[in-house]
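# Sequence below, structure please.
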Amino acid sequence: MLKLIVTSPYLNLIVGIIMIATSFQEAYETLYDDLKNLSFGAHHGLIVYGLLVVVRALPDIFEGLTFLKDSSDQKNTK
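Numbering: from 1, shown residues only. Sure, this is the predicted structure:
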(Lines give C-alpha, C1' and ligand atoms only; values in the text may rest on other atoms or scores of the structure.)
Protein backbone atom coordinates (compact mmCIF):
# COMPACT_ATOMS: atom_id res chain seq x y z
CA MET A 1 0.00 0.00 0.00
CA LEU A 2 2.81 2.40 0.87
CA LYS A 3 4.54 1.68 -2.45
CA LEU A 4 1.34 2.59 -4.34
CA ILE A 5 1.13 5.90 -2.51
CA VAL A 6 4.78 6.80 -3.00
CA THR A 7 4.84 5.91 -6.71
CA SER A 8 1.52 7.59 -7.60
CA PRO A 9 2.14 10.06 -10.43
CA TYR A 10 -0.90 12.11 -9.39
CA LEU A 11 0.40 12.46 -5.84
CA ASN A 12 3.86 13.36 -7.17
CA LEU A 13 2.28 16.00 -9.43
CA ILE A 14 0.35 17.54 -6.53
CA VAL A 15 3.38 17.50 -4.23
CA GLY A 16 5.54 19.09 -6.96
CA ILE A 17 3.01 21.86 -7.53
CA ILE A 18 2.77 22.51 -3.79
CA MET A 19 6.57 22.65 -3.53
CA ILE A 20 6.78 25.13 -6.41
CA ALA A 21 3.95 27.30 -5.08
CA THR A 22 5.24 27.51 -1.52
CA SER A 23 8.82 28.12 -2.67
CA PHE A 24 7.73 30.92 -4.99
CA GLN A 25 5.74 32.43 -2.16
CA GLU A 26 8.90 32.43 -0.03
CA ALA A 27 11.13 33.77 -2.83
CA TYR A 28 8.66 36.12 -4.55
CA GLU A 29 9.88 39.44 -3.23
CA THR A 30 13.60 38.75 -3.51
CA LEU A 31 13.79 36.36 -6.47
CA TYR A 32 15.14 38.91 -8.97
CA ASP A 33 17.72 40.29 -6.52
CA ASP A 34 18.76 36.79 -5.45
CA LEU A 35 19.32 35.72 -9.06
CA LYS A 36 21.16 38.95 -9.88
CA ASN A 37 23.49 38.57 -6.89
CA LEU A 38 23.74 34.77 -7.16
CA SER A 39 22.47 34.49 -3.59
CA PHE A 40 20.64 31.16 -3.49
CA GLY A 41 18.71 29.70 -0.57
CA ALA A 42 16.84 26.50 0.14
CA HIS A 43 13.65 27.85 -1.40
CA HIS A 44 15.42 28.20 -4.76
CA GLY A 45 16.44 24.55 -4.61
CA LEU A 46 12.87 23.56 -3.78
CA ILE A 47 11.62 25.39 -6.86
CA VAL A 48 14.01 23.42 -9.04
CA TYR A 49 13.21 20.14 -7.30
CA GLY A 50 9.47 20.82 -7.53
CA LEU A 51 9.82 21.38 -11.27
CA LEU A 52 11.71 18.10 -11.56
CA VAL A 53 9.00 16.23 -9.64
CA VAL A 54 6.28 17.69 -11.86
CA VAL A 55 8.16 16.88 -15.08
CA ARG A 56 8.81 13.29 -13.90
CA ALA A 57 5.11 12.79 -13.13
CA LEU A 58 3.79 14.06 -16.47
CA PRO A 59 4.84 11.12 -18.71
CA ASP A 60 3.13 8.62 -16.40
CA ILE A 61 -0.04 10.69 -16.32
CA PHE A 62 -0.10 11.11 -20.11
CA GLU A 63 0.55 7.39 -20.57
CA GLY A 64 -2.43 6.61 -18.33
CA LEU A 65 -4.64 9.05 -20.21
CA THR A 66 -3.58 7.55 -23.54
CA PHE A 67 -4.36 4.07 -22.21
CA LEU A 68 -7.84 5.21 -21.15
CA LYS A 69 -8.46 6.86 -24.51
CA ASP A 70 -7.32 3.77 -26.44
CA SER A 71 -9.49 1.46 -24.35
CA SER A 72 -12.46 3.78 -24.84
CA ASP A 73 -11.88 3.80 -28.60
CA GLN A 74 -11.73 -0.02 -28.68
CA LYS A 75 -14.93 -0.27 -26.68
CA ASN A 76 -16.75 2.10 -29.07
CA THR A 77 -15.66 0.17 -32.21
CA LYS A 78 -17.15 -3.12 -30.99
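# Could you find the closest non-adjacent residue to the spatially most central residue of the chain?
Centroid-nearest residue in the chain: Val54, 1.7 Å away (criterion: C-alpha atoms, centre = their mean). Nearest residue to Val54, sequence neighbours excluded (C-beta to C-beta, 6 or more residues apart in numbering): Gly16, at 3.7 Å. All C-beta atoms are positioned from the backbone trio N, CA, C, and that covers glycine.
# hang on, the earlier thing: in this model Ile17 seems to touch the residue nearest to the centre of the chain, though I could be wrong.
Yes. Using C-beta atoms under 8 Å, Val54 is in contact with Ile17, at 6.4 Å.
# thinking again about what came up before, for Gln74, see how far away the residue nearest to the centre of the chain is.
Distance, Val54 to Gln74, using C-beta to C-beta, to the nearest Å: 31 Å.
# same thing with Val48?
For Val48 relative to Gln74 (C-beta to C-beta), the value is 41 Å.
# Which residue, other than its chain neighbours, is closest to Leu51?
Ile20 is the one closest to Leu51 (C-beta to C-beta, 6+ apart), at 6.4 Å.
# before we move on, which element is the residue nearest to the centre of the chain in?
Assigned by DSSP states H and E, Val54 falls within helix 42-77.
# buried stuff in that helix?
By neighbour count on 16 or more other C-beta atoms under 10 Å, the buried set for helix 42-77 is 43-44, 46-47, 50, 53-54, 57.
# circling back: name the helices or strands packed onto the helix or strand hosting the residue nearest to Leu51?
Ile20 is located in helix 9-27, with elements delineated by DSSP H and E. For helix 9-27, the packing partners by 3 or more C-beta pairs under 8 Å, 6 or more residues apart in numbering; DSSP states H and E come out as helix 42-77.
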